[in-house]
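J.: Okay, sequence plus prediction incoming.
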Amino acid sequence: MVKLVGKNKILSAVFISGRGSNLKSIYNYSIKKNSKICVELVISSKSDVLGVKFARKYNIKTKIINYKNKVKAEARIIKLLKKNNIQLICLAGFMKVLSKNFVKSFKNKIINIHPSLLPKYKGLNTHERAIKNRDRFSGCTVHYVNQNLDSGKIILKQKVKLYKSDTPEQLAKRILKVENKLYPRAINKVISNF
Ligand code: GRF
């Protein structure tokens, strides 16, 4: 497959650690005729994951980062981002927390998707917590990344109804479908400020 690189597109990097369904939705959005972004680089903290397979299949430049030493890992990532002139970073299931310095050096250029209605349920196991609390709704949020976990300014969020019979897996599946649509919309909103 030949990668489509449009002129004057915002060069973006997607950071992943796993399945990559949000990477896929961002990529599919990026190749649309009127899209203003290009997925120039994929950074993965894991090698043998579906997201990496997808990126390679579509000839997206993909780098696996060894995170044994976080300082070195981030230094390598920063080098790659600079070398590729990356202007926007989309975290999509990236299971590593970026350091304060990293976040500072890309201020307002890093966004993330989180499977809850933030500020509710920051961190892990969001679906379990929503079910346990018998919430009527859960959902997902795209937000800017700041120095505190899942705490940056909210860009877009969308509710998903919770059913009494829901298992965390069922709820996760329904929310993921919504995530995959929400992320491109949030990117569109973010880049309108670029
Ligand atoms: C998504 O649920 C996202 O909200 C969370 O991690 C999951 C990643 O899924 N941060 P995928 O790898 O994009 O399919």
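T.: Received, thanks. Numbers count the residues shown, from 1 in each chain.

J.: what lines up beside the helix or strand in which residue 155 is found in the sheet?
T.: Per DSSP states H and E: residue 155 is located in strand 154-161. When pairing is defined by DSSP bridges, strand 154-161 lines up against strand 137-144 (antiparallel).

J.: Give me the buried stretch members for the partner strand, please.
T.: Within strand 137-144, the residues that count as buried by 16 or more other Cβ atoms under 10 Å are 138-144. To be clear about C-beta, it is placed using only N, CA and C from the backbone, and glycine gets the same treatment.

J.: The residue of the chain found nearest the ligand: neighbour count?
T.: Nearest residue of the chain to the ligand: residue 93, at 2.6 Å (Cβ to the nearest ligand atom). Neighbour count of residue 93, defined by other Cβ atoms under 10 Å: 23.

J.: Which of the three states applies to it?
T.: Under DSSP: H, G, I helix; E, B strand; the rest coil, residue 93 falls in the coil class.

J.: So residue 113, which state does it fall into?
T.: Under three-state DSSP, residue 113 comes out as strand.

J.: who's in contact with it?
T.: Contacts for residue 113 (Cβ atoms under 8 Å, 6 or more residues apart in numbering) come out as 22, 91-93, 140-142, 179, 182-183, 186.

J.: now swap in residue 105 and tell me
T.: residue 78.

J.: And residue 8, by the same measure?
T.: With Cβ under 8 Å, 6+ apart, residue 8 has no contacts at all.

J.: And the helices in the protein, which stretches?
T.: With helices called from DSSP state H, the chain shows them at 21-30, 50-57, 70-83, 100-105, 126-132, 168-191.

J.: So which of these is the most surrounded?
T.: Of the helices of the chain, the one with the most neighbours on average (mean count of other Cβ atoms under 10 Å) is helix 21-30, at a mean of 21.

J.: how much does that one deviate in direction from strand 137-144?
T.: Relative orientation of helix 21-30 versus strand 137-144 (axes from the mean of the first three to the mean of the last three Cα atoms, to 10 degrees): 60 degrees.
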